[in-house]
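K.L.:
need coordinates for the below:
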Amino acid sequence: MKESKDKILFILHYSPPIHGSAVVGKNIKESKVINEAFDAKYINLATSFSVDEIGKKSWKKIWRYFAIIWRVFMNLIFFKPKTVYMAITVSGNGFYKDSIIVFLVKCFNKSIIYHLHNKGVALGKSVPLKDYLYKRVFRSSKTILLTKSLYYDIKDYVNKSDIFYCPNGILDFNFNEYADKKSESIPVILFLSNLIESKGVYTLVDACKILKERGLSFSCKFIGGEGNITKNELEKYIKDRNLSDSVYYLGRMIGNDKQRAFANSDIFVFPTFYHNECFPLVLLEAMQHSLPIVSTNEGGIIDIVNDGKNGFIAKRKDTVDFADKIEILIKDEDLRKKMGAYGRQKFEENFTIKKFEENMLTVLKNCIKR
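P.N.:
Numbers count the residues shown, from 1 in each chain. Coordinates of the predicted model:
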C-alpha cells in the first residue's frame, strides 16, 4: 500500500515583485524535492504586485488581501492540511495583516511553521498590542530562521527547541561565458539593489568621493530599479560631488545583463542599514561570481561575509570606513582574488539551491515530526 504524504499548505510570497522572500518562495514552490516529499498547495501572500505598490495603500491591495483570506479558509476546509507553512511578516502593518491569517489557521487547530525573512520583533515588543499578539502568534509553533545571529530578535517569544535554521540558497549556473570579459583596466565597484536610501546608496557615493580625493582610479556602477531615490535624484547627487566621470547609474538589469555586470566587476559593495535586512541574496550572487564584498553587520550578513576572509564588514553609514575598506581592495588585486575564491568556495558549500532544498526538506520533516 502506497504511503500517504503529509499535507502542507504553503502561504508565502512569490514574485512579482522580486525581493528576497519572493525569490525563496518561488524556489520552494518550484522545488521538485519538496513537492515530491509532501502533498503541497500554495497561496501567494503578496498584496503588492510591483515595487511601486510596496508601502502604499490602495483598494486593489485590500481586495487582494481579502482574496488571500478566502483562499486560506477554503483550503483549510477542503484541502485539510496537517501543517501550515507561513512566510510571516513580523513588523509594521504587515504583521497585523498576517496575524489575522494566523488566527484563522489556529481556529482550525493546525500546526504552524513560520519562516522569517524579516525582523523587528525585538523593537516591536515595546508596543503593548504587538507584545500581546507576538505571544499568541508564536505560541505552540515552530520557527525557521535564516541564521543563528537572528535568534535574538524573537528569543522572548520562542524557545530554542522550537527554532530551526535554513540559510537561503540560489541557483548555481555555468557563468564561464561571462567570465574573463572585463573590459576596463581599472577596478570596477558594483552596487546592485533597488535605489533605496537605507540600502546605503548615498553612503557609497560619498565613499567614492573620498576615494577620488585620495587619487584612486576606479569605476563604480549602480544597478537597480528606482525606489525612494529616483534616477534623476541619484544622478544629481553624483554630479554635485563631481563624480560623473567615475560613478554611473545603469538602471535595472536582469538575466544575462545582470550576470555580465557581476562578471565585469572586481568588488561588490552593499552598505545597507535597512532595519529589516536579514539575509541579502545579492551577497550570495556576488560570492557566486567570486567577488570580494564590503558590507555591514546588519541582520545575518556577518554569517555570509566573514570579515577579512571573503570581504570586509564596515560600520553602518560610515563613509570613511567604507572608503578605507574599498581602498584596500582597489590597491590589492591578489587580495581581491583570494577573497573572491574563498567566497566562491563558501557559496558552493552552503548557499546553492540544491543545499537549500536539502536543508528545507530536513527542517520541514523535523518540524512535522515534533
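
K.L.:
what about Ser41, which helix or strand?
P.N.:
Quick fix: residue 41 is Lys, not Ser. strand 39-44 (DSSP states H and E).

K.L.:
mind listing what that strand pairs with, with the direction of each?
P.N.:
Its sheet considered, strand 39-44 pairs with strand 7-12 (parallel) by DSSP bridges.

K.L.:
just the mean pLDDT for the strand it pairs with, thanks.
P.N.:
Averaged over strand 7-12, pLDDT sits at 96.

K.L.:
helices and strands around the helix or strand following it, which ones?
P.N.:
Past strand 7-12, further along toward the C-terminus, the next helix or strand under DSSP H and E is helix 20-29. If contacts are counted by 3 or more CB pairs under 8 Å, 6 or more residues apart in numbering; DSSP states H and E, helix 20-29 sits against strand 7-12, helix 281-288, helix 353-369. Backbone N, C-alpha and C define where each C-beta goes, glycine included.

K.L.:
hmm, who's touching helix 20-29?
P.N.:
Outside helix 20-29, the residues that touch it by CB atoms under 8 Å, 6 or more residues apart in numbering are 10, 12-16, 34, 42, 44-46, 87, 115, 117-118, 168-171, 278-281, 353, 356-357, 360.

K.L.:
restricted to buried residues, select those in PyMOL.
P.N.:
Buried residues within these, by 16 or more other CB atoms under 10 Å, are selected in PyMOL with:
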select buried, resi 10+12+13+14+34+42+44+45+46+87+115+117+118+168+169+170+278+279+280+281+353+356+357+360
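
K.L.:
returning to what we had before: got a markdown table for the helices and strands packed on helix 20-29, with distance to Ile69 too?
P.N.:
Output for these, formatted as a markdown table (distance: least, CB to CB, whole Å):
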| stretch | distance to Ile69 |
| --- | --- |
| strand 7-12 | 10 |
| helix 281-288 | 29 |
| helix 353-369 | 24 |
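
K.L.:
now for the ones you listed, which one comes closest to Leu133?
P.N.:
strand 7-12 (17.4 Å; CB to CB).

K.L.:
how far away from the center of its chain is that closest one?
P.N.:
How far strand 7-12 lies from its chain's middle: 21 Å, per CA atoms, centre = their mean, to the nearest Å.

K.L.:
tell me the angle it makes with helix 20-29.
P.N.:
Strand 7-12 runs at 150 degrees relative to helix 20-29, counting by axes from the mean of the first three to the mean of the last three CA atoms, to 10 degrees.

K.L.:
strand 7-12 vs helix 353-369, what angle?
P.N.:
Using the same axes, to 10 degrees: strand 7-12 against helix 353-369 is 120 degrees.

K.L.:
quick one, helices of this protein?
P.N.:
With helices called from DSSP state H, the chain shows them at 20-29, 32-37, 59-78, 92-107, 121-124, 128-138, 201-213, 231-240, 255-263, 281-288, 319-331, 333-350, 353-369.

K.L.:
would CSV of these with mean pLDDT and distance to Val158 be doable?
P.N.:
Below are these laid out as CSV (pLDDT from 0 to 100; distance: least, CB to CB, whole Å):
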stretch, mean pLDDT, distance to Val158
helix 20-29, 86, 19
helix 32-37, 95, 23
helix 59-78, 94, 23
helix 92-107, 94, 14
helix 121-124, 92, 9
helix 128-138, 96, 5
helix 201-213, 98, 33
helix 231-240, 97, 40
helix 255-263, 91, 36
helix 281-288, 96, 24
helix 319-331, 98, 34
helix 333-350, 96, 24
helix 353-369, 93, 13
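
K.L.:
let's have those in JSON lines, adding distance to Leu146.
P.N.:
Putting the helices of the chain into JSON lines (distance: least, CB to CB, whole Å) gives the following:
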{"stretch": "helix 20-29", "distance to Leu146": "9"}
{"stretch": "helix 32-37", "distance to Leu146": "17"}
{"stretch": "helix 59-78", "distance to Leu146": "24"}
{"stretch": "helix 92-107", "distance to Leu146": "17"}
{"stretch": "helix 121-124", "distance to Leu146": "14"}
{"stretch": "helix 128-138", "distance to Leu146": "17"}
{"stretch": "helix 201-213", "distance to Leu146": "24"}
{"stretch": "helix 231-240", "distance to Leu146": "30"}
{"stretch": "helix 255-263", "distance to Leu146": "22"}
{"stretch": "helix 281-288", "distance to Leu146": "10"}
{"stretch": "helix 319-331", "distance to Leu146": "24"}
{"stretch": "helix 333-350", "distance to Leu146": "12"}
{"stretch": "helix 353-369", "distance to Leu146": "11"}
